[in-house]
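A.B. asks: this is a predicted model, with the sequence first.
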Amino acid sequence: MNYFGTLALIVFGYMNLWYVVSLIQKRNDVADVAWGPGFALLAWTACLVSPETGDRGLLVAILVSIWGFRLAWHIHSRNRDKPEDYRYRAWRQNWGKWFFVRSYFQVFILQGFLLLIISTPIMIVNRYAGPDTGFWDVLGVAVWFVGFYFEVVGDAQLLRFVKDPANRGKLMTSGLWAYTRHPNYFGEVTLWWGLWLITVPVPLGWLGVIGPVVISLLILYVSGIPMLEKKMAEKPEFEHYKRTVSAFFPMPVRKKI
């Protein structure tokens, strides 16, 4: 089996395993926990099966692993001892007798497909040998660290806020959340653009732009910001927050209206 076929098969098996876990635990939100480590698994598999892997491929695998396992631990800790995430509960009710089939294809297999598409820069950087590490690698790592900072700090600030009983029913608007309504999403998108910059010197590295473009579109227009803002809109202070704070890119607070 060729390089890309092997990676696709690994991801397919990985998502099937998590589908079984979801049936045992009776909660589909384990798919969110599986998301980050799936990229790490693909990255290290790519390192192992490609004869062209060098320092750049190892660097990407390390960065992806740091991000992926940190995200998985954060989501697992957040969901532990709580009911299934409200989005998945709604689907469980709406899908009725088709729940198991739709869960398999629309949650786990679809997520595996998206994981493969977003991993394009990871697969390319391991498949094709490039020049020695240099400017693009330093720039990519720097951008990755900016994104990682926003995601980690944004998540930590929100977690502390939610755990405080005094904030029950309130909207998080301080810290990084005073400059962007979604610092964690901004961070995730940014770090993927950083990973792509590392692939630029590699032959066909420009094709890796597919990864950050897809994750950007998903977060900005599909399953990220739109779904979360629908939930945030239930808070009475959201309209004011929406008028004064940038939706995505960190910006100074707008003049109050």
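C.D. replies: In hand now; what should we look at?
A.B. asks: which parts of the stretch 51-200 of the chain are helices?
C.D. replies: Along the stretch 51-200 of the chain, counting by DSSP state H, counting those that start in this stretch, helices occupy 55-79, 86-95, 99-102, 110-118, 120-127, 135-163, 183-199.
A.B. asks: same list, those helices, but as JSON lines with distance to Tyr14 please.
C.D. replies: Bear in mind the C-beta positions are built from the backbone N, C-alpha and C, glycine included. Shown next, in JSON lines, are these (distance: least, Cβ to Cβ, whole Å):
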{"stretch": "helix 55-79", "distance to Tyr14": "12"}
{"stretch": "helix 86-95", "distance to Tyr14": "19"}
{"stretch": "helix 99-102", "distance to Tyr14": "19"}
{"stretch": "helix 110-118", "distance to Tyr14": "7"}
{"stretch": "helix 120-127", "distance to Tyr14": "14"}
{"stretch": "helix 135-163", "distance to Tyr14": "22"}
{"stretch": "helix 183-199", "distance to Tyr14": "20"}
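A.B. asks: where among these is the average confidence lowest?
C.D. replies: Ranked by mean pLDDT, these bottom out at helix 86-95, with a mean of 90.
A.B. asks: return the alpha-carbon coordinates of that helix using CSV.
C.D. replies: The C-alpha trace of helix 86-95 is given here as CSV (Å, rounded to 0.1, in the frame of the first residue of the first chain):
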residue,chain,number,x,y,z
TYR,A,86,-25.6,19.6,24.2
ARG,A,87,-24.9,19.4,20.4
TYR,A,88,-24.5,15.6,20.5
ARG,A,89,-27.6,15.2,22.8
ALA,A,90,-29.7,17.1,20.3
TRP,A,91,-28.5,14.9,17.5
ARG,A,92,-29.2,11.8,19.6
GLN,A,93,-32.8,12.9,20.0
ASN,A,94,-33.3,14.1,16.4
TRP,A,95,-31.9,11.1,14.6
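A.B. asks: no further questions, thank you.
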